[in-house]
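>>> This is a predicted model, with the sequence first.
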Amino acid sequence: MDATLAFPLLVGLIGVALFFDFLNGLHDAANSIATIVSTRVLKPQYAVAWAAFFNFIAFLFFGLHVAETLGRGIVSADIVDPRVVFAALVGAIFWNILTWRFGIPSSSSHALIGGLVGAGVAKAGGGAIVWSGLLKTTAAIVLSPATGFVLALVLVLIVSWAFVRTTPFAVDRTFRWAQFVSASLYSLGHGGNDAQKTMGIIAVLLYSQGMLGDTFYVPFWVVITCQSVLALGTLFGGWRIVHTMGSKITRLNPMQGFCAETGGAITLFAATWLGIPVSTTHTITGAIIGVGAARRVSAVRWGIAGNIVIAWVITIPATALIAALTYAGTGLFG
């Protein structure tokens, strides 16, 4: 494939990236709304609209550090070309559709990262990888759910102590309102971290075509387009995964939903400001397990949680393999 891509093909490849962004919103809608739906604070159709709005406006509150990490902090921007981007997106999209079909809350973020790694290594070998960025990101596979778990657990204990003399009815009513705030914050964190991953891919594609000059940056039209498409994907929802996240792992009441969403939101805010592309799926799953464990260890269905962890572990290797095979396959036609 030529280094310079014809304009129609460039537009088509950007379209594929935006399709991934849409699937990201569809796949990860559960992360934003599972708790508020499962506690029956909002009906699903209202919850997705609520989440989509805060997904969209997230660019007003965060910098573009995550986009920069994805654009040049996983594989070297100098080796990225349209073929690498296409192979990476194919790996991520295939994995997203597969896990969505079976209702497995895997990570769209790590699917994309695995795709980049696989395609980059297929092109240029291990030297293509920016190890500092990749290690920081893979460390977050453990740290983001662990942080969400601890924060949610601590929040449950604090709230339980603070409302120990309050009737269950009053607690339930209070946290039904509080969940509007916590769900908004979590959706904001989700939009701030996840949309930037597609921004980074599109920006590095434009950079590889010489359309950004000598300096890598993310154009505003890319920012607003990616936020819009992610929000649109969220509007379409992901009900299979909502069921897994909101009820199969552990049963939640409004107070627990508030603690899970708040713990997850704090984790996402910190990661986005630090430029770490974390998994919103991992984060909220860890938080939900944390609130379940605060009640009692047996309240968590550990078998289901274990299956989710297995999906996390294999996401990057699986998508890297798919992307590498795609890269090799497209070479047969170039």
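Now that the structure is in, tell me what you want to look at.
>>> Find the helix or strand that residue 192 is a member of.
Using DSSP states H and E, residue 192 maps to helix 168-208.
>>> average model confidence for the following helix or strand past that helix?
On the C-terminal side of helix 168-208, the closest following helix or strand by DSSP H and E is helix 220-236. For helix 220-236, the mean per-residue pLDDT is 90.
>>> cool, stretch 82-95 as well?
Averaging pLDDT along stretch 82-95 gives 92.
>>> How about that stretch, which residues are buried there?
Judged by neighbour count using 16 or more other Cβ atoms under 10 Å, the buried positions of stretch 82-95 are 82-95. (C-beta placed from N, C-alpha, C; glycine too.)
>>> cool, stretch 315-324 as well?
Buried residues in stretch 315-324, counting neighbours by 16+ other Cβ under 10 Å, are found at 315-316, 318-324.
>>> What of stretch 73-81?
For stretch 73-81, the neighbour count (16+ other Cβ under 10 Å) marks 73-75, 77, 79-81 as buried.
>>> what's the span of that stretch from first residue to last?
Chord length of stretch 73-81, first to last residue, is 15 Å (Cα to Cα, to the nearest Å).
>>> Make 442 the first number, not 1, from now on.
With the count now opening at 442, the last piece we talked about shows up as stretch 514-522.
>>> Name the surrounding residues that touch it.
For stretch 514-522, contacts defined as Cβ atoms under 8 Å, 6 or more residues apart in numbering pick out 442, 444, 512, 525, 554, 557-558, 560-561, 564-565, 568-571, 573-575, 577-578, 645-646, 648-649, 657, 716.
>>> Stretch 588-598 now?
696-697, 699-701, 703-705, 707-708, 711, 723-732, 734-736.
>>> mind redoing it with 10 Å?
With contact meaning Cβ atoms under 10 Å, 6 or more residues apart in numbering, stretch 588-598 is reached by 581, 623, 696-697, 699-709, 711-712, 719, 721, 723-736.
>>> could you point out which element follows the helix or strand bottoming out on mean pLDDT in the chain?
Across the helices and strands of the chain, mean pLDDT, DSSP states H and E gives its lowest value to helix 680-684, namely a mean of 52. Along the chain past helix 680-684, the next helix or strand (assigned with DSSP H and E) turns out to be helix 695-715.
>>> which helices and strands sit right next to that following helix?
Contacting helix 695-715 under the criterion 3 or more Cβ pairs under 10 Å, 6 or more residues apart in numbering; DSSP states H and E are the following elements: helix 448-479, helix 506-513, helix 572-603, helix 609-649, helix 721-736.
>>> Let's see that with 6 Å instead.
Contacts defined by 3 or more Cβ pairs under 6 Å, 6 or more residues apart in numbering; DSSP states H and E place helix 695-715 against helix 448-479, helix 572-603, helix 609-649, helix 721-736.
>>> Of these, give the one that comes closest to residue 770.
helix 448-479 (15.4 Å; Cβ to Cβ).
>>> what stretches of the protein score poorly on pLDDT?
In the predicted model, the chain carries pLDDT under 70 at residues 442-447, 469-473, 475, 544, 546, 678-692, 737-749, 773-775.
>>> hang on, the earlier thing: angle of the helix holding residue 633 against helix 506-513?
Helix 609-649 and helix 506-513 are oriented at 40 degrees to each other (axes from the mean of the first three to the mean of the last three Cα atoms, to 10 degrees).
>>> Give me the helices and strands touching helix 609-649, please.
When contacts are defined as 3+ Cβ pairs under 6 Å, 6+ apart, helix 609-649 sits against helix 448-479, helix 485-497, helix 506-513, helix 661-677, helix 695-715.
>>> at 7 Å what do you get?
When contacts are defined as 3 or more Cβ pairs under 7 Å, 6 or more residues apart in numbering; DSSP states H and E, helix 609-649 packs onto helix 448-479, helix 485-497, helix 506-513, helix 523-542, helix 549-565, helix 661-677, helix 695-715, helix 721-736.
>>> Good, we can wrap up now.
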